[in-house]
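**Q** sharing a model prediction with you, sequence too.
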Amino acid sequence: MPSQTSPDDAPTAANDMAPRISDTQWGEIVQQLGAEIAGPLSHALERIQQLISTGQIDRQGLRALRESVVHAREAGMATQQLSRLASGRLRLSRERVHLTQVLRGVLAQRSRETQARGIQIRQLLQPIEVMSDASLLFSLLNAVMDWALVNTHSSLEMRLDMTAWPTKARLVCRFAHRSLDLGSAPAAAIAELPESLNSLKWRLIEQTALTLGVLPLREDDAGITRLTLEFPHIVSDDPSLPSPPVPAHLDRDDPLPSHNSKPLAGCHLLIVSPRRELRQQIQASIRHMGLIVDAVSSMEEALRFCEEGLPHGIAFEQSLRDADFDRLYADITGEVPHFAFIEVREGEQQTQLSTATQDRMARISRANLPDAMPSVLLFELSKAL
């Protein structure tokens with residue numbers, strides 16, 4: 001847990017040598033999970049009881065109810081991913097990954113969300129490649145964004161460069177966790193850290209980074225938070241830069257995506273279909289993959305859903321290809337060219353990956369959902385990593 005500092009103290013790193021998670025820490029995480037779920041659900045229950053007693057709820061009450069449910073769900077999903085990291089069943093692949101491109105892809109994917117919140121992101125990114133597990137790296141970068149967007153009061157600075165010696169890739173995320181316009185506020189109030197900085201989102205960043213062999217360093221000082229992720233296993237064509245040994249859990253000559261128990265845990269899929277039974281069938285076919293799943297019944301609803309933030313993929317019923325779909329497709333692919341669209345068709349449609357179609361959309365027959373949907377989704381969501 002990060003130590004609190006006064007304005008007169010030097011910045012203190014939260015976890016200069018963060019250990020692997022212990023049984024005691026897991027106990028703390030379980031307690032934290034209970035608090036982060038119970039609080040929002042208690043507020044939601046109050047709203048529901050008010051609705052039952054009065055028969056009325058205003059727009060502000062509906063918004064508060066939705067936010068409470070969303071917060072509880074986010075806490076549950078973070079714990080699901082933490083449990084995955086602790087399961088001991090992860091098999092991480094050793095892959096050459098262009099860290100800069102993956103980071104830019106994540107920032108592009110989250111651009112609608114940042115714009116909706118009025119948050120500007122300053123990017124200072126050098127081109128760097130590393131040896132890492134692509135899917136878990138993608139999860140780590142998204143976890144950093146989830147945590148930073150909740151805590152920033154103004155903007156984010158994302159800087160990617162290399163240290164001089166020993167040579168490491170260094171990703172720095174910097175933001176103000178307090179309003180910079182505090183006037184005559186007491187020094188103690190300025191130094192006190194918001195609880196959200198140490199939430200389950202932060203725990204997820206720590207443990208994902210450590211699982212990847214990446215050192216997470218955090219400094220909180222005078223209202224500013226600075227998170228540094230150090231990647232020691234860079235790829236360089238410069239013979240003067242020695243390549244450090246790859247840790248044992250990444251030392252595999254496996255060019256394929258990682259074979260994890262839930263390789264897509266934390267990825268977000270939107271299902272679009274007017275038929276409840278089809279939505280349930282799609283969801284059932286991928287239930288074991290650890291995805292975050294939302295469902296809407298029309299392309300108009302999908303458009304509204306995507307206004308504030310994009311999922312990582314959309315599975316939709318063929319009958320919904322209309323003007324609203326064309327608009328949605330054009331808007332999303334304009335921002336994220338490799339975005340995953342999966343069209344579900346009736347009849348004996350042959351399964352096709354996006355790499356085999358002219359419009360870059362995957363296609364799958366409804367009859368083949370149980371067998372083919374998991375592998376199609378794994379390919380489509382992994383291709384942009």
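**A** Arrived safely, thanks for sending. Note that the structure is predicted; figures quoted are calculated from it, not measured. Numbers count the residues shown, from 1 in each chain.
**Q** those strands in the stretch 1-150 of the chain, which residues are they?
**A** 95-98, 120-125, 129-132 (DSSP state E, counting those that start in this stretch).
**Q** hey, which of the ones you listed is tucked in deepest?
**A** The highest mean neighbour count among these, using mean count of other CB atoms under 10 Å, belongs to strand 129-132: a mean of 22. Where you see a C-beta, it was placed from the backbone N, CA and C, and this is true even at glycine.
**Q** packing partners of the longest helix seen in the chain?
**A** With secondary structure taken from DSSP state H, the chain has its longest helix at helix 23-54. Contacts defined by 3 or more CB pairs under 8 Å, 6 or more residues apart in numbering; DSSP states H and E place helix 23-54 against helix 59-86, helix 200-212.
**Q** report the angle between the first one and helix 23-54.
**A** Read it as helix 59-86. In terms of direction (axes from the mean of the first three to the mean of the last three CA atoms, to 10 degrees), helix 59-86 departs from helix 23-54 by 160 degrees.
**Q** hang on, L82 packs against L204?
**A** Yes: contact criterion CB atoms under 8 Å: L82 and L204 qualify, at 5.9 Å.
**Q** who has more neighbours out of those two?
**A** Ranked by neighbour count (other CB atoms under 10 Å), L82 and L204 place L204 first, with 26 against 22.
**Q** what's the separation between that one and Q60?
**A** Distance, L204 to Q60, by CB to CB, to the nearest Å: 31 Å.
**Q** mind listing what's buried in stretch 105-121?
**A** G105, V106, L107, A108, Q109, R110, R112, E113, T114, I119, I121 (16 or more other CB atoms under 10 Å).
**Q** no, scratch that, I was asking about stretch 43-52
**A** For stretch 43-52, the neighbour count (16+ other CB under 10 Å) marks H43, A44, R47 as buried.
**Q** quick check: the first one touching G61?
**A** The one in question is H43. No: if you go by CB under 8 Å, H43 and G61 don't touch, sitting 10.7 Å apart.
**Q** what's the least confident helix or strand in this protein, going by average pLDDT?
**A** Least confident helix or strand of the chain, by mean pLDDT, DSSP states H and E, is helix 187-191 with a mean of 52.
**Q** and the residue lying closest to E129 once chain neighbours are set aside, what are its phi and psi?
**A** Distances taken as CB to CB, 6 or more residues apart in numbering put V235 closest to E129, at 4.0 Å, once the chain neighbours are dropped. Here the main-chain torsion angles of V235 (degrees, to the nearest 10) amount to phi -110, psi 120.
**Q** test my guess that V235 contacts L99.
**A** No: with contact defined as CB under 8 Å, V235 does not reach L99; the gap is 9.3 Å.
**Q** these two: which has the busier surroundings?
**A** Between V235 and L99, L99 has the larger neighbour count (other CB under 10 Å), namely 23 against 16.
**Q** can you pull the contacts of that one?
**A** L99 sits next to I128, E129, V130, S132, L137, L160, A169, L171, F231 when contact means CB atoms under 8 Å, 6 or more residues apart in numbering.
**Q** domains of this protein?
**A** Following automatic domain parsing, the chain resolves into domains at 23-86, 95-250, 268-382.
**Q** between those domains, which gets the lowest average pLDDT?
**A** Per-segment mean pLDDT for the domains of the chain reaches its minimum on domain 23-86, at a mean of 77.
**Q** take the buried residues of stretch 43-52 and lay them out in a markdown table including distance to S365.
**A** Output for these, formatted as a markdown table (distance: CB to CB, whole Å):
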| residue | distance to S365 |
| --- | --- |
| H43 | 43 |
| A44 | 39 |
| R47 | 42 |
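**Q** which one of these is nearest to P274?
**A** Comparing these against P274 with CB to CB picks out A44 as the nearest, at 27.6 Å.
**Q** how about the closest one: what's its closest non-neighbour residue?
**A** Closest to A44 by CB to CB, 6+ apart is S68, at 3.9 Å.
**Q** neighbours of that neighbour, just the number please.
**A** 20.
**Q** my guess is it meets A38, correct?
**A** No: assessed by CB under 8 Å, S68 is found out of contact with A38, at 11.0 Å.
**Q** and the helices in this protein?
**A** Remark: helices assigned in the chain by DSSP H are 23-54, 59-86, 99-109, 111-116, 134-151, 187-191, 200-212, 276-285, 299-307, 323-335, 369-382.
**Q** so what's the gap between the fifth one and the chain middle?
**A** If I follow you right, that is helix 134-151. Taking CA atoms, centre = their mean, to the nearest Å, the mean C-alpha location of helix 134-151 is offset from the chain mean by 4 Å.
**Q** quick revisit: tell me the most buried of the helices and strands packed on helix 23-54?
**A** Counting by mean count of other CB under 10 Å, helix 200-212 has the highest mean neighbour count of these, with a mean of 23.
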